[in-house]
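In: what's the 3D shape of this:
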Amino acid sequence: MPKLSRDGVDIYYEVHGSGPPLILTHGYSSTSAMWQGQIAALSNHHKLVLWDMRGHGQSGYPADPSAYSEAHTVADIAALLDTAGADTAIVGGLSLGGYMSLAFYRAHPERVRALLIIDTGPGFKKDDAREVWNKRALDTGDRFEREGLEVLKSASRERSSVTHRDASGLARAARGMLTQRDARVIESLPHIQVPSLVVVGADDTPFLAASDYMAAKIPGAQKVVIPAAGHAVNIDQPQAFIDAVLPFLSGIDAKQPQKAAS
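Out: As a prediction, this is how the structure comes out:
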């Protein structure tokens, strides 16, 4: 399976299909396997790039805590697009993957044709709210360090079957990637100038208000709430998810014709 080496850290990725590039990033403590049920539909007309974030799945688990950060993740996405021969792409993800997609747009707006933001929060404007989030993230890291991968067995259906080599990368990713340092991502929302689709499960209570906020703040954003779905909306309701996403992708391709990356 292909891997990209970034400063000695192996990044696992897969490329499916051909056409306009689409890169999707999984949520914290999940892997690229979470998109398995969507590969056929999404790669039919797109070059679909899936990958495991550092500390997750088949990617490298660097021992240095400073190797885990928003900046490293954004740079990983850029390197993956380079490897796939994609100057620009539709960029999306779920939860932490969606947040990192917004961070990628903030850093590289010229490389993003559209955003697909799924069951995601855009961060926090207020320091006290961010501190509460960060405490939970640090506690999560500590728990993975203490209990190992057993933690996932009590997690969601989607994460309980995920494969990681060990929990060390998840512990460091919680501290370095799940924690947030500032309000730059949430403050960037009104400046987004590409088509954006916000998707959220109707039962994903912690992220409903965040999805409303993003849909209101991102100019021209569309929002779809999928019934009977929780935080992993594409796994809980795979057909409804595809039914929401494919028309959005078709609309982008119709409005922005682009030579398909080979």
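
In: low-scoring stretches of the stretch 101-250 of the chain, by residue?
Out: Counting by pLDDT under 70, the ranges of the stretch 101-250 of the chain that qualify are 155-161.

In: what ranges does it have for its helices?
Out: 127-147, 150-153, 157-160, 168-173, 184-188, 205-217, 233-236, 238-255 (DSSP state H, counting those that start in this stretch).

In: tabulate those (a markdown table), appending distance to His45 and mean neighbour count.
Out: C-beta: built from backbone N, CA, C; applies to glycine. Listed next are these as a markdown table, based on distance: least, C-beta to C-beta, whole Å; neighbours: other C-beta atoms under 10 Å:
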| stretch | distance to His45 | mean neighbour count |
| --- | --- | --- |
| helix 127-147 | 37 | 15 |
| helix 150-153 | 34 | 15 |
| helix 157-160 | 26 | 16 |
| helix 168-173 | 32 | 24 |
| helix 184-188 | 29 | 18 |
| helix 205-217 | 25 | 17 |
| helix 233-236 | 18 | 24 |
| helix 238-255 | 7 | 16 |
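
In: out of these, which gets nearest to Thr120?
Out: Smallest distance to Thr120 across the helices of the stretch 101-250 of the chain (C-beta to C-beta): 6.7 Å, for helix 205-217.

In: picking up where we left off before, as TSV, the helices of the stretch 101-250 of the chain with distance to Ala33 would be great.
Out: TSV is the format used below for the helices of the stretch 101-250 of the chain (distance: least, C-beta to C-beta, whole Å):
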stretch	distance to Ala33
helix 127-147	19
helix 150-153	13
helix 157-160	9
helix 168-173	15
helix 184-188	26
helix 205-217	22
helix 233-236	10
helix 238-255	14
